[in-house]
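A.B. asks: Test case, fold it:
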Amino acid sequence: MPVHKDEIVGGVIVNRNKVLIARRMEGDEDEFLWEFPGGRIECDETPEFALQRELREELGLDIEVKEKICELNTGERMFYFYFAISKNDIDRLSSHQEIKWVNVQELSDFKFCEPDQEVLAKIIQYLKGVKIC
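C.D. replies: Predicted coordinates:
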């Protein structure tokens, strides 16, 4: 699978029936908006491996990636969103201003970055289907 510099992976991470969301830092693109944490896919990485690497680097979080929920092509970037289960607690916060574990029903209450907002309904529907409520 060819990987381009503009491919991004986001994790819909679940622990104890709550979903992890992260708030972008001041000065970042889309500052102060919420997102599903993740990052850029590097050359020769699969989206699943990139997600595991990014969450370990940024949050100290180990995850088990289960499956792809959806993808979004904006023309400039390709976004992949994966469902994953956290294996441990977060031990650092290096790339985000704040994180929250929220119920699925609360996700609509947050202002997300545009790509995440575009797929939010699909993600909520998916999570309800896997009984994460």
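A.B. asks: what about residue 45, distance to residue 120?
C.D. replies: The gap separating residue 45 from residue 120 is 25 Å, by C-beta to C-beta, to the nearest Å. From N, CA and C alone the C-beta is placed, and that goes for glycine too.
A.B. asks: same question, residue 110
C.D. replies: For residue 110, the distance to residue 120 - C-beta to C-beta - is 9 Å.
A.B. asks: and for these two, which residues touch both?
C.D. replies: With contacts defined as C-beta atoms under 8 Å, 6 or more residues apart in numbering, no residue is shared by residue 110 and residue 120.
A.B. asks: lowest-pLDDT helix or strand in the chain?
C.D. replies: strand 96-102 (a mean of 91; mean pLDDT, DSSP states H and E).
A.B. asks: could I get that one in CSV with only the CA atoms?
C.D. replies: Coordinates of each C-alpha in strand 96-102 appear next as CSV, following Å, rounded to 0.1, in the frame of the first residue of the first chain:
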residue,chain,number,x,y,z
HIS,A,96,-2.3,17.9,23.4
GLN,A,97,-3.6,20.5,25.8
GLU,A,98,-6.0,18.2,27.5
ILE,A,99,-7.6,14.7,27.2
LYS,A,100,-11.0,13.4,28.3
TRP,A,101,-12.6,10.0,28.5
VAL,A,102,-16.3,10.5,27.6
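A.B. asks: what's the longest helix along the chain in contact with?
C.D. replies: In the chain, taking DSSP state H as the definition, the longest helix is helix 114-129. Helix 114-129 is contacted from outside by 8, 10, 12, 14, 19, 30, 34-36, 69-70, 72, 74, 77, 79, 81, 83, 104, 107-108, 111-112, 133, using C-beta under 8 Å, 6+ apart.
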